[in-house]
Structures are given as structure tokens and as C-alpha cells.
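Chemist: Could you look at this predicted model? Sequence included:
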Amino acid sequence: MKTFRKFAAPLALAAAALSIAGTAQARPAHGWNLTPARSAEIRQDINSLNTAIDRATARRTISQREATGLRRQARDVQRLYVQYQRNGLTRAEVRTLESRVNAVRAALRMERRDWDGRRG
């Protein structure tokens, strides 16, 4: 049993040290950076909101009044993106933008399904 402890304990420590070193290498040493591809993806998501709203209006699944309110929300997200983009996007700002885009998409889905022609 003592020989097992002599070999098992150092092996367990070595395995733990290697797993910690592996995760440290996976993360950038200088912090979190937004890649240009991710920034372009967020910009594309924001731009696709207006396209989806226009398409729903053309198909008459939402009214003009509903479309106006949704366009206003999409414009607010666009303004927020421009404001955040000036100094570079942080992780929290990306999360905020994604949640706002998802909220507008959810509102569009709800407006399509209610068939009442009114906001809300």
C-alpha cells in the first residue's frame, strides 16, 4: 500500500499540473479580445433585424404600427453598437448587444403571432 501511495500521489499531482497548464494556454495571456469575425457577426445580426421586419411587413404578418415600433428598437440597438464600437467591444458589451438583438427578435416573433395589429 505504501508503494502505491509513493507512485499514485506524484502521478496525481503531475496530472493536475498538466491540466492546469493546458487551460492556461487555452486563454490569451493578455485578456479577452473580440475577433473581427465576431464583431462582423454582431453587426450582421443587427442589420438582419431590419430585413426581417421589412419582410414581415411586406408579407403583412405585422402591421405598419408594429413595424414602426420594432424598427425603433432595432435602431436603438444599432446606436448602442456604434457607441460601444468606438472604444472596442468588451465582453459585457457583446453580451448586452446580443441580448438586445434577441429581445427584438422575440418581439418580432410575438408580433407575428398575435394578429391584432397593435404593439405589445
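Modeler: Cool, got the structure.

Chemist: Name the next helix or strand downstream of the helix or strand of the chain with the lowest mean pLDDT, please.
Modeler: Lowest by mean pLDDT, DSSP states H and E among the helices and strands of the chain is helix 2-26, with a mean of 56. Next in sequence after helix 2-26, counting helices and strands by DSSP states H and E, comes helix 36-58.

Chemist: Using PDB, write out the CA atom coordinates for the following helix or strand past that following helix.
Modeler: Remark: after helix 36-58, the chain's next helix or strand is helix 64-85, criterion DSSP H and E. Output of helix 64-85 as PDB, limited to C-alpha atoms (Å, rounded to 0.1, in the frame of the first residue of the first chain):
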ATOM      1  CA  GLN A  64     -47.200  49.200 -40.000                       C
ATOM      2  CA  ARG A  65     -47.600  50.400 -36.400                       C
ATOM      3  CA  GLU A  66     -45.900  47.200 -35.100                       C
ATOM      4  CA  ALA A  67     -43.200  47.600 -37.700                       C
ATOM      5  CA  THR A  68     -42.500  51.200 -36.600                       C
ATOM      6  CA  GLY A  69     -42.000  50.100 -33.000                       C
ATOM      7  CA  LEU A  70     -39.800  47.300 -33.900                       C
ATOM      8  CA  ARG A  71     -37.700  49.500 -36.300                       C
ATOM      9  CA  ARG A  72     -37.300  51.900 -33.400                       C
ATOM     10  CA  GLN A  73     -36.000  49.100 -31.200                       C
ATOM     11  CA  ALA A  74     -33.600  47.900 -33.900                       C
ATOM     12  CA  ARG A  75     -32.400  51.500 -34.400                       C
ATOM     13  CA  ASP A  76     -31.700  51.700 -30.700                       C
ATOM     14  CA  VAL A  77     -29.600  48.600 -30.800                       C
ATOM     15  CA  GLN A  78     -27.700  50.000 -33.800                       C
ATOM     16  CA  ARG A  79     -26.900  53.200 -31.900                       C
ATOM     17  CA  LEU A  80     -25.800  51.200 -28.900                       C
ATOM     18  CA  TYR A  81     -23.500  49.200 -31.200                       C
ATOM     19  CA  VAL A  82     -21.900  52.300 -32.700                       C
ATOM     20  CA  GLN A  83     -21.400  53.800 -29.200                       C
ATOM     21  CA  TYR A  84     -19.800  50.700 -27.900                       C
ATOM     22  CA  GLN A  85     -17.700  50.200 -31.100                       C
END
